[in-house]
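> Next input, structure requested:
(2 chains)
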Amino acid sequence: MTSRLRIDDGPLPALMGLAGIAALLLLIEGLISVGLLNPFIVPKPSQVIGSFYRVVVEENVLERFVLTIKECLFAVALVTIVGVSIGVLLHRVSLLRQATETWVAAFASAPVVLMYPLFLVMFGRSALTIVMMGFAAGLPPVILKTIEGLSSTRRVLLAVGQSFKLTPRQMFWKIQLPSSLPAIFVGLKLGLIFALINIVGVEFLINFGGLGQLINDLAERYDLPGTYAAISFVVVVSVGFFMIAERAERWLIR
Amino acid sequence: MSVLPLPKAQAAADPILAVDDIVMEFPTPDGVVKALDHVSLSVRAGEFLSVIGPSGCGKSTLFNIVGGLQRGYQGRVSIGGEAVEGPHPAIGMVFQEESTFPWRTVLQNVEFPLEISGVAKARRQEMARRFIAMVGLGGFENRYPAELSGGMKQRVAIARTLAFEPKILLMDEPFASLDEQTRLLLGDKVLQIQQELQQTTLLITHNITEAVQLSDRILVMTYRPGRVKRILDIDLPRPRTSETIGSEAFGRFVAQLWSDLRDEATRGMDEQQELMRNAGRGP
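The predicted model follows:
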């Protein structure tokens, strides 16, 4: 009997990832320098890096950064609570699931961001509109993956639960939910991506709030290095949330 | 060696588990299939009874019925005279498929039934450690199932069921997915545990060697519909180990069992081939 070996490559994968990004930036820098990319459309990465300090100091980035993160946190919290609950409900009530699952799947691929005028009417030009847009966009994958996770609980695990005479409540909390966590986390990560895209997109469209508004402002001033620097901050938010989600997943699932 | 023709109900002394006249039919697109046909057996306290038969003889259906997981059958299952209407606290089940909880450590897996019963944490950990040691996994308490081999995972499942402290241990081909050497060594472990706890055990298996190695009695089933063909008393001396399989008496029991099973297995294979041929012809 052998125990499975754990392969730990240390910081190598992360370093390789960073090296890959650096290589890509160098390539873009080179392509712009030799005239293959138009510098009036894509600024040089060195110019973007050079504009970071200016954007941070002059454009109040920290406050905008925090605002976008807060909107994301609220949206993700709502998506998690409501999405998982609806997923559980649809898994339990077969008729409801059959009646709505296709619609939920269709909604997942809908360009939700185009519904922003409707949300503006409902919630006004406020952070609530942005959060609700992020919530609406992030909801479908969480619902669908929760249903998938619960449905794919291995029958033998349910049989083990039955043999120990678990109540339906115990069966859910002790077996079905933990067993479906990997699928639910896939849904949450997708929901996070959809929510962030829509949050920044709506901030951009309604010129309100955090990093999306900053991107709008800088783009309208035709400050391309600044615009790309602001976009980099959005990437930082996305990477940060993703890392937190991955850590939470590892902690919960092992 | 003694070969007994089976009466309708076993006249066993003080059976702790009695299965009386079970009939189970399943509706299929090709009509009703009778899986079990008037099956009766009884298990005495502390006894190790194996049920052996070819694929398709209804062994797993019988396992599910005795475990209370299958309804819709005719007949009666009782434990100490009390009818079994569903999963019963006196029965602990070990399944053929790998059934550990991957999100729990070995210790947390084995603690599981005690946690459900509301046993205090310190007490249940102490009990769980005892059963983990009993199945030979001391030192692996904090490992996750993904870090264990197939045989170790199955031992965790056995320890988890034993922690439930069932009167009857019901096992459905628990070593089926393991290699032959691991299977023999785990057989030793099960024998050791069974002797230590005087655990009444009902084992469902298709493995002749395993059945002879472990059992006090072996019930041979026919191919579909599953009926009791005969019961063999295995009077090999105990304690037994995997070394017992080298003895002449062991070989005689294996030969006898194979002689009983060969016709059934051949019939099963022929019927399945016929079914496949018919399916291939189409409507």
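> which residues in the stretch 51-200 of chain B form strands?
In the stretch 51-200 of chain B, the strands defined using DSSP state E, counting those that start in this stretch lie at B:74-79, B:82-83, B:91-94, B:168-172, B:200-205.
> Can you convert these into a markdown table and add a column each for mean pLDDT, mean neighbour count and distance to chain A?
To be clear about C-beta, it is placed using only N, CA and C from the backbone, and glycine gets the same treatment. Shown next, in a markdown table, are the strands of the stretch 51-200 of chain B (pLDDT from 0 to 100; neighbours: other C-beta atoms under 10 Å in any protein chain shown; distance: least, C-beta to the nearest C-beta, whole Å):
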| stretch | mean pLDDT | mean neighbour count | distance to chain A |
| --- | --- | --- | --- |
| strand B:74-79 | 94 | 16 | 14 |
| strand B:82-83 | 90 | 10 | 15 |
| strand B:91-94 | 94 | 26 | 4 |
| strand B:168-172 | 94 | 24 | 9 |
| strand B:200-205 | 94 | 25 | 14 |
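> With respect to residue A:115, which of the ones you listed lies nearest?
Of all these, strand B:91-94 sits nearest to residue A:115, with 51.8 Å by C-beta to C-beta.
> Run me through the strand neighbours of that closest one, direction for each.
Here strand B:91-94 has these sheet partners by DSSP bridges: strand B:168-172 (parallel).
> How about the contacts made by residue A:231?
Going by C-beta atoms under 8 Å, 6 or more residues apart in numbering or on different chains, residue A:231 touches residue A:215.
> just to revisit the earlier point, okay if I get the strands of the stretch 51-200 of chain B as TSV plus distance to residue B:237?
Shown next, in TSV, are the strands of the stretch 51-200 of chain B (distance: least, C-beta to C-beta, whole Å):
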stretch	distance to residue B:237
strand B:74-79	30
strand B:82-83	34
strand B:91-94	26
strand B:168-172	22
strand B:200-205	18
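> Nearest to residue B:100, out of those?
strand B:91-94 (11.1 Å).
> which residues sit against the closest one?
A:159-160, A:163, B:63, B:66-69, B:79, B:84, B:154, B:157-158, B:161-162, B:164-172, B:174.
> which of these are buried?
Among the contacts of strand B:91-94, those buried by neighbour count (16 or more other C-beta atoms under 10 Å in any protein chain shown) are A:159-160, A:163, B:63, B:66-68, B:79, B:84, B:154, B:157-158, B:161-162, B:164-172, B:174.
> So which of the contacts of strand B:91-94 sit within helices?
Secondary structure from DSSP state H places A:159, A:160, A:163, B:63, B:66, B:154, B:157, B:158, B:161, B:162 of the contacts of strand B:91-94 in helices.
> ok, which pair from those is furthest apart?
Across these, the longest distance by C-beta to C-beta is 19.8 Å; it joins B:66 and B:154.
> Would you map the helices across chain A?
With DSSP H as the criterion, chain A has helices at A:12-33, A:45-58, A:61-92, A:94-108, A:116-123, A:127-151, A:155-163, A:168-170, A:177-206, A:211-220, A:224-253.
> Quick check: which of those has the most neighbours on average?
Per residue and on average, the most neighbours among these fall to helix A:127-151, with a mean of 24 (mean count of other C-beta atoms under 10 Å in any protein chain shown).
> Remind me what that helix packs against, helices and strands.
For helix A:127-151, the packing partners by 3 or more C-beta pairs under 8 Å, 6 or more residues apart in numbering or on different chains; DSSP states H and E come out as helix A:61-92, helix A:94-108, helix A:116-123, helix A:177-206.
> out of these, nearest to chain B?
Evaluated over the helices and strands packed on helix A:127-151, closeness to chain B peaks at helix A:177-206, with 4.6 Å, by C-beta to the nearest C-beta.
> For residue B:152, grab the count of nearby residues.
Neighbourhood size, residue B:152 [other C-beta atoms under 10 Å in any protein chain shown]: 23.
> can I assume it is in contact with residue B:139?
No - using C-beta atoms under 8 Å, residue B:152 is not in contact with residue B:139; the gap is 11.3 Å.
> roughly how far apart are residue A:17 and residue B:189?
Here the criterion is C-beta to C-beta, to the nearest Å. By it, residue A:17 lies 46 Å from residue B:189.
> Could you chop chain B up by domain?
For chain B, automatic domain parsing gives the domain ranges B:2-90+B:167-281, B:103-165.
> Burial-wise, tell me which of these comes out on top.
Highest mean neighbour count of the domains of chain B: domain B:103-165, a mean of 20 (counted as mean count of other C-beta under 10 Å).
> can I get the helices and strands packed on helix A:127-151 in a markdown table with distance to chain B and mean pLDDT?
Converted to a markdown table, the helices and strands packed on helix A:127-151 look like this (distance: least, C-beta to the nearest C-beta, whole Å; pLDDT from 0 to 100):
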| stretch | distance to chain B | mean pLDDT |
| --- | --- | --- |
| helix A:61-92 | 17 | 92 |
| helix A:94-108 | 20 | 90 |
| helix A:116-123 | 38 | 91 |
| helix A:177-206 | 5 | 92 |
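> With distance to residue B:107 added, can I get those in JSON lines?
Putting those into JSON lines (distance: least, C-beta to C-beta, whole Å) gives the following:
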{"stretch": "helix A:61-92", "distance to residue B:107": "28"}
{"stretch": "helix A:94-108", "distance to residue B:107": "37"}
{"stretch": "helix A:116-123", "distance to residue B:107": "50"}
{"stretch": "helix A:177-206", "distance to residue B:107": "16"}
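> What parts of chain B come near chain A?
Residues of chain B lying close to chain A by C-beta under 8 Å from any C-beta of the partner chain are B:67-69, B:87, B:89, B:91-93, B:95, B:97-99, B:101-103, B:112-113, B:116, B:143-144, B:146-149, B:151-152, B:161, B:164, B:182.
> So which of those sit within helices?
Judged by DSSP H, those include B:112, B:113, B:116, B:151, B:152, B:161, B:182 as members of helices.
> and which of these is nearest residue A:85?
Nearest member of these to residue A:85, counting by C-beta to C-beta, is residue B:116, at 24.6 Å.
> how close does the closest one sit to residue B:124?
Residue B:116 is 10 Å from residue B:124, by C-beta to C-beta.
> residue contacts, the closest residue to residue B:151 other than its chain neighbours?
Leaving aside its sequence neighbours, residue B:151 sits nearest to residue B:182 (C-beta to C-beta, 6 or more residues apart in numbering or on different chains; 4.2 Å). Counting by C-beta under 8 Å, 6+ apart, residue B:182 touches A:1, B:149, B:150, B:151, B:175.
> so which one among the residues you listed has the lowest pLDDT?
Lowest pLDDT of these: residue A:1, 40.
> starting at the chain centroid, how far to stretch B:127-139?
22 Å (C-alpha atoms, centre = their mean, to the nearest Å).
> Stretch B:57-76 too?
Centroid separation for stretch B:57-76 versus its chain: 13 Å, with C-alpha atoms, centre = their mean.
> Only C-alpha atoms, please: export that stretch in PDB.
Provided in PDB are the C-alpha atoms of stretch B:57-76 (Å, rounded to 0.1, in the frame of the first residue of the first chain):
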ATOM      1  CA  CYS B  57     -27.800 -13.700  -9.000                       C
ATOM      2  CA  GLY B  58     -29.200 -10.800  -6.900                       C
ATOM      3  CA  LYS B  59     -26.500 -10.600  -4.300                       C
ATOM      4  CA  SER B  60     -26.400  -6.900  -4.200                       C
ATOM      5  CA  THR B  61     -30.200  -6.700  -4.100                       C
ATOM      6  CA  LEU B  62     -30.100  -9.000  -1.100                       C
ATOM      7  CA  PHE B  63     -27.500  -6.700   0.500                       C
ATOM      8  CA  ASN B  64     -29.700  -3.700  -0.100                       C
ATOM      9  CA  ILE B  65     -32.800  -5.500   1.300                       C
ATOM     10  CA  VAL B  66     -31.000  -6.700   4.500                       C
ATOM     11  CA  GLY B  67     -29.500  -3.200   4.900                       C
ATOM     12  CA  GLY B  68     -33.000  -1.600   4.600                       C
ATOM     13  CA  LEU B  69     -32.100   0.400   1.500                       C
ATOM     14  CA  GLN B  70     -34.400  -1.500  -0.900                       C
ATOM     15  CA  ARG B  71     -38.100  -1.600  -0.600                       C
ATOM     16  CA  GLY B  72     -40.900  -3.200  -2.600                       C
ATOM     17  CA  TYR B  73     -40.000  -6.800  -1.800                       C
ATOM     18  CA  GLN B  74     -42.100  -9.700  -0.500                       C
ATOM     19  CA  GLY B  75     -41.000 -11.600   2.600                       C
ATOM     20  CA  ARG B  76     -39.500 -10.500   5.900                       C
END
